[in-house]
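Participant: Could you look at this predicted model? Sequence included:
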Amino acid sequence: MLTTKLNYLSNDDWFYISENSEAILTDIAPVEVIIEYNENKMFGASLRGEKTHRLYITPQQFYEMRMRIGYTLEKIEEEMKEIYTKEQILEWKKNFKK
């Protein structure tokens, strides 16, 4: 059996467990943790045969997370470049909600 240690579960400050027993990232989760979380969730969806490969932490959600901890828009966009494709960022900017 293949086992993997998930980095987002390695620090209690980065996640909490929801009522549905699902790990939910906190606003302070580092970029690499958000990348891993999205990849893990999309992999799980593909194993379940789900056709949609949606992001679990979308650019809008990421923006809201970082705003709650006082990041500037410039800092948020800088971090977004590490997580999302150019197309995803452009789509977010087109539909941007403050």
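Facilitator: It's in.

Participant: Mean pLDDT per helix and strand in this structure: which one sits at the bottom?
Facilitator: helix 31-47 (a mean of 75; mean pLDDT, DSSP states H and E).

Participant: which SS class is the residue lying closest to Arg68 once chain neighbours are set aside?
Facilitator: In this structure, Arg68 finds its nearest non-sequential neighbour in Asp27, 4.9 Å apart by C-beta to C-beta, 6 or more residues apart in numbering. C-betas here are computed from N, CA, C, even on glycine. At Asp27 the chain is in coil, as set by DSSP: H, G, I helix; E, B strand; the rest coil.

Participant: just Phe62 next, same as before
Facilitator: helix.

Participant: Name the next helix or strand downstream of the helix or strand in which Glu78 is found, please.
Facilitator: When secondary structure is defined by DSSP states H and E, Glu78 falls within helix 73-83. Going down the chain from helix 73-83, the next helix or strand is helix 86-94, by DSSP H and E.

Participant: helices or strands next to that next one in the packing?
Facilitator: helix 59-68, helix 73-83 (3 or more C-beta pairs under 8 Å, 6 or more residues apart in numbering; DSSP states H and E).

Participant: Please work out which of the ones you listed is packed deepest.
Facilitator: Highest mean neighbour count of the helices and strands packed on helix 86-94: helix 59-68, a mean of 17 (counted as mean count of other C-beta atoms under 10 Å).

Participant: How much space separates Ile17 from Asn11?
Facilitator: Counting by C-beta to C-beta, to the nearest Å, the gap between Ile17 and Asn11 amounts to 14 Å.

Participant: unless I'm mixing things up, the residue nearest to Arg68 is touching Arg66, no?
Facilitator: Yes - judged on C-beta atoms under 8 Å, Asp27 makes contact with Arg66 at a distance of 7.0 Å.

Participant: Can I get the helices and strands packed on helix 86-94 in JSON lines including mean pLDDT and distance to Asn38?
Facilitator: JSON lines is the format used below for these (pLDDT from 0 to 100; distance: least, C-beta to C-beta, whole Å):
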{"stretch": "helix 59-68", "mean pLDDT": "96", "distance to Asn38": "10"}
{"stretch": "helix 73-83", "mean pLDDT": "97", "distance to Asn38": "7"}
